[in-house]
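Colleague: With the sequence up front, the predicted model follows.
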Amino acid sequence: MDYRAYFRERPRAAMPPILQRRALPEPWCEEIVLDDGRQLRIRPIAPADAEPLRQSFALLDPEEIRLRFMHPMRELSADLAHRLTHLDRRRDFALVAAEPAPAGEALIGAVVRASICEDRRRAEFAIIVSHFVAGRGLGRHLMKKIIRWARLKKLDEIYGDVLDENTAMLDLAKSLGFRREHAPDDPGVVRVRLALRPAAPAAG
């Protein structure tokens, strides 16, 4: 498979970034059409995605990798790819934006995931959108989906840790209602939090 052919960068068109959306029968699945005409399928991650995830990782810029994982990585190991694609369905959830091809064959352009914490009241999220499909509203669309999943789980909060230089992610989080706080033990990291339930009224 030519992994660069489908996700090569293309010029932006003068139209909405996500031109069309069509829900599919399977839960959490939909097809979208970007402003450059490319079709993507959003769906839950599958065990068969492990090798395509490694291939997709190899196409990322080093800076993209560092901003997502908070440290440089030369490759996505087979063991890590296995762990990222074999979820504990009781607490983990992940969506991919991929080519409209079967899992195991489709190149993956973006991933959003969340894991419920041990307190079972919060979930931690992480997201990466490849530069091949960035700037077209895909990150916002996926974040809204992971927030919806957290609400359906009746969680109190969803949060994520972001490098303070990752202004694009911090701006996106702010626009979605997340509030920021600096991690006391790591001045280079910002924690963004979104309350999912209305605050209880003050007593008295």
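Modeller: Okay, I see it.
Colleague: Quick one: end-to-end distance for stretch 123-141.
Modeller: Using Cα to Cα, to the nearest Å, one end of stretch 123-141 lies 18 Å from the other.
Colleague: tell me the mean pLDDT over that stretch?
Modeller: For stretch 123-141, the mean per-residue pLDDT is 92.
Colleague: for this protein, what spans make up the helices?
Modeller: With helices called from DSSP state H, the chain shows them at 3-7, 50-57, 62-69, 78-85, 138-152, 167-175.
Colleague: Show me how far the fifth one is from its chain's centre.
Modeller: Centroid separation between helix 138-152 and its chain, computed with Cα atoms, centre = their mean, to the nearest Å, is 9 Å.
Colleague: Quick check: buried residues in that helix?
Modeller: By 16 or more other Cβ atoms under 10 Å, the buried positions in helix 138-152 come out as Leu138, Gly139, His141, Leu142, Met143, Lys145, Ile146, Ile147, Trp149, Ala150. Every C-beta, even on glycine, is put in place using the N, C-alpha and C of the backbone.
Colleague: ok, now stretch 168-175?
Modeller: Neighbour counts over stretch 168-175 (16+ other Cβ under 10 Å) mark Met169, Leu170, Leu172, Ala173 as buried.
Colleague: Return the residues in contact with the third one.
Modeller: Contact criterion Cβ atoms under 8 Å, 6 or more residues apart in numbering gives Gly139, Arg140, Met143 as the residues in contact with Leu172.
Colleague: Can you tell me the closest non-neighbouring residue to the first one?
Modeller: Nearest residue to Gly139, sequence neighbours excluded (Cβ to Cβ, 6 or more residues apart in numbering): Val129, at 4.6 Å.
Colleague: just the second one next, same as before
Modeller: Of all residues not flanking Arg140 in the chain, Leu172 sits nearest, at 6.1 Å (Cβ to Cβ, 6+ apart).
Colleague: Which residue, other than its chain neighbours, is closest to Asp49?
Modeller: Thr85 (4.9 Å).
Colleague: Compute the number of surrounding residues for that neighbour.
Modeller: Neighbourhood size, Thr85 [other Cβ atoms under 10 Å]: 22.
Colleague: For stretch 56-75, give me every contacting residue.
Modeller: Residues outside stretch 56-75 that contact it (Cβ under 8 Å, 6+ apart): 3-4, 7, 54, 76, 81, 107-109, 126-128, 130-132, 161, 163, 165-166, 169, 189.
Colleague: picking up where we left off before, didn't the residue nearest to Gly139 look like it was pressed against Gly109?
Modeller: Yes. Counting by Cβ atoms under 8 Å, Val129 touches Gly109, with 7.2 Å between them.
Colleague: Lovely, talk soon.
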